[in-house]
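Peer 1: generate coordinates for the sequence data below:
(one chain, ligands or ions: 2)
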Amino acid sequence: METSPNITEQIFSKAQDLGFLRIAITAAQDLPEGDDALQNWIQSGYHGDMDFMAKHGRRDDPQKVLSGAKSLLVVALPYAGGQDLVNLTPSRPQGFIARYARGRDYHEVMREKLMALGEACSEIIGRPVVSRPCIDTAPLLERGYASQAGLGFVAKNTMLLIPGFGTYFLLGELLLDVELPPTEPIKPKCGSCRSCLDACPTGAFVSERVLDARKCVSYFTIEYSGAIPQEYRRPIGNMVFGCDICQEVCPYNLSKKIKPVAPEFIARDELQNPDLIDLLEITSSGHRRFVKGTALRRAPRHQLMRNAAIALGNSGRAEAIEPLAQALTGNRYPIVRGHVAWALGELGTEVSLNHLQSALVNEDDDSVCDEIRSAIANIESVNDAD
Ligand code: SF4
Ligand code: SF4
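Peer 2: Numbering: from 1, shown residues only. Ligands and ions are numbered 1, 2, ... in the order given. This next block holds a predicted model:
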């Protein structure tokens, strides 16, 4: 070994000063079990349209990311979990944004902190250290390495879980050309619990630790830009960007203990309970302001509008009908108009029906016409049953 335990302690202490919740170390080598599970997952098509998952090939060789790397530091940066403060009688319908996305974009925050940690390593070790920060975009099997290093264990909901803390944190890695003593892995501690698997609103878990992303609300609302299959729209509820349900029910996250949060991830007010009608009607400049500096940049404007339309359809709120009716004829995106039609069908009033019937006369996009006809049939079937 090139380093003493004292050096590791100093690196860990610096990581703590930078706001990391926890840090662990593993060798920058092939994972013994490889990334066969990931490759099989991709072969099964569970990644859906996320072609970037398949693009980089195998993810179990850190030398592909930093040639000459000897160690891999894995870090956890905590964001605000816990129960949301929910207004039970909001004047307008509100949406839900996944907790990790309500503050600054974690890619930027994590990169800044990892670079600072790399610089600190040079000072601590007494020579210029070659390092490379990695966030989820690097071709590295993050959870596999984090689990091997003992940062936490891969839980049944597929997330890394830190006993005594839970899952509300983001993962990052720092490759170093320095040999450091590895930390010990820990055993999975889900036991017989299966709360996350049972709570998933869309049945997206194929089995423990295997997720079919094509059924996951996070995938639909963030990664997928097409028409969301109708059978998944009701389970989406009011979620407009991501889903935290399989974390919310986890007993490790339900603990009443006060937990640390990186200040950069403290929620912006407008992302806490976003106004769904505002989101449906958001302008280009409003969208730029809304997503600026946050992970929401991943979802283009028409996608957030589409998600807002679904959430409004699930809201049961009469005040959603007029804004939806205006979007049905005035929104320039067929994908939005189609989901708006569905939403009006779900709200199911005579007024909705009238708006749908008159919009059908002038609509020239076939896919939107199909959605309108389906929404009309939905309302008429409910009326017939009454
Ligand atoms: Fe299911 Fe939501 Fe978890 Fe996706 S994020 S697996 S939809 S509970
Ligand atoms: Fe594991 Fe239960 Fe948490 Fe799921 S809910 S991750 S099974 S402890």
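Peer 1: what helix or strand is Asn253 located in?
Peer 2: According to DSSP states H and E, Asn253 maps onto helix 251-254.
Peer 1: contacts for stretch 318-334?
Peer 2: 92-93, 276-277, 280-281, 302, 305-306, 309, 312-313, 336-337, 340-341, 343-344, 347, 349, 351-352, 355-356, 359, 362, 365, 367-368, 372 (C-beta atoms under 8 Å, 6 or more residues apart in numbering). Quick note: C-beta positions are derived from backbone N, CA and C, even for glycine.
Peer 1: can you give me the mean pLDDT across it?
Peer 2: Stretch 318-334 shows a mean pLDDT of 97.
Peer 1: what is the least confident helix or strand in the protein?
Peer 2: helix 52-55 (a mean of 79; mean pLDDT, DSSP states H and E).
Peer 1: returning to that earlier point: buried subset of the contacts of stretch 318-334 as a ChimeraX selection?
Peer 2: Here is the ChimeraX command that selects the buried residues among the contacts of stretch 318-334 (16 or more other C-beta atoms under 10 Å):
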select :93,276,277,280,281,302,305,306,309,312,313,336,337,340,341,343,344,347,352,355,356,359,368,372
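Peer 1: could you measure from Gln230 over to ligand 2?
Peer 2: 28 Å (C-beta to the nearest ligand atom, to the nearest Å).
Peer 1: quick check: closest non-adjacent residue to that residue.
Peer 2: Trp342 (6.8 Å; C-beta to C-beta, 6 or more residues apart in numbering).
Peer 1: sorry, back to before: if we look at the least confident helix or strand of the chain, which residues are touching it?
Peer 2: Residues contacting helix 52-55 (C-beta under 8 Å, 6+ apart): Leu38, Ile42, His47, Thr137.
Peer 1: where does this protein dip in pLDDT?
Peer 2: Within the chain, the segments meeting pLDDT under 70 span 1-5, 85-86.
Peer 1: and it, which residues reach ligand 2?
Peer 2: Within the chain, the positions near ligand 2 by C-beta under 6 Å from any ligand atom are 155-157, 161, 190, 193-196, 249-252.
Peer 1: got these as TSV, with secondary structure, neighbour count and distance to Asp105 columns?
Peer 2: Below are the residues of the chain next to ligand 2 laid out as TSV (DSSP: H, G, I helix; E, B strand; the rest coil; neighbours: other C-beta atoms under 10 Å; distance: C-beta to C-beta, whole Å):
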residue	secondary structure	neighbour count	distance to Asp105
Ala155	coil	25	25
Lys156	coil	21	28
Asn157	coil	23	23
Leu161	strand	25	24
Cys190	coil	20	30
Cys193	coil	15	32
Arg194	coil	13	33
Ser195	helix	15	30
Cys196	helix	24	26
Val249	coil	17	27
Cys250	coil	25	25
Pro251	helix	12	30
Tyr252	helix	20	26
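Peer 1: re earlier: which ones among the contacts of helix 52-55 map onto helices?
Peer 2: When these are checked against helices (DSSP state H), the matches are Leu38, Ile42.
Peer 1: ok, and of the contacts of helix 52-55, which contact ligand 1?
Peer 2: Counting by C-beta under 6 Å from any ligand atom, no member of the contacts of helix 52-55 reaches ligand 1.
Peer 1: looking at the residues of the chain next to ligand 2, which is nearest Val178?
Peer 2: Leu161 (28.4 Å; C-beta to C-beta).
Peer 1: who's the closest spatial neighbour of that closest one, skipping the chain neighbours?
Peer 2: Using C-beta to C-beta, 6+ apart, the nearest residue to Leu161 is Ala155, at 3.9 Å.
Peer 1: pretty sure the one you found is touching Cys190, no?
Peer 2: Yes - Ala155 lies in contact with Cys190 (C-beta atoms under 8 Å); the separation is 5.5 Å.
Peer 1: any idea how far Gly45 is from ligand 1?
Peer 2: Taking C-beta to the nearest ligand atom, one finds Gly45 at 16 Å from ligand 1.
Peer 1: tally up the residues packed near that residue, please.
Peer 2: 10 (other C-beta atoms under 10 Å).
Peer 1: where do the contact lists of Ala155 and Cys190 overlap?
Peer 2: Joint contacts of Ala155 and Cys190 (C-beta under 8 Å, 6+ apart) are Leu161.
Peer 1: give the contact list for the most centrally placed residue in the chain.
Peer 2: What sits nearest the mean C-alpha location of the chain, by C-alpha atoms, centre = their mean, is Gly242, with 4.8 Å. Listed by C-beta under 8 Å, 6+ apart, the contact set of Gly242 reads Ile97, Ala98, Tyr100, Ala101, Val217, Ser218, Thr221, Ile222.
Peer 1: how about the third one, what does it touch?
Peer 2: Pointing back at Tyr100 there. Tyr79, Tyr106, Tyr168, Leu170, Gly242, Phe265, Ala295 are the contacts of Tyr100 under C-beta under 8 Å, 6+ apart.
Peer 1: what's the burial count for the closest residue in space to the fifth one that isn't next to it in sequence?
Peer 2: Right, the one you point to is Gly242. The shortest distance from Gly242 to any non-neighbouring residue, by C-beta to C-beta, 6+ apart, is to Ala98 (2.7 Å). Neighbours of Ala98 under the rule other C-beta under 10 Å: 21.
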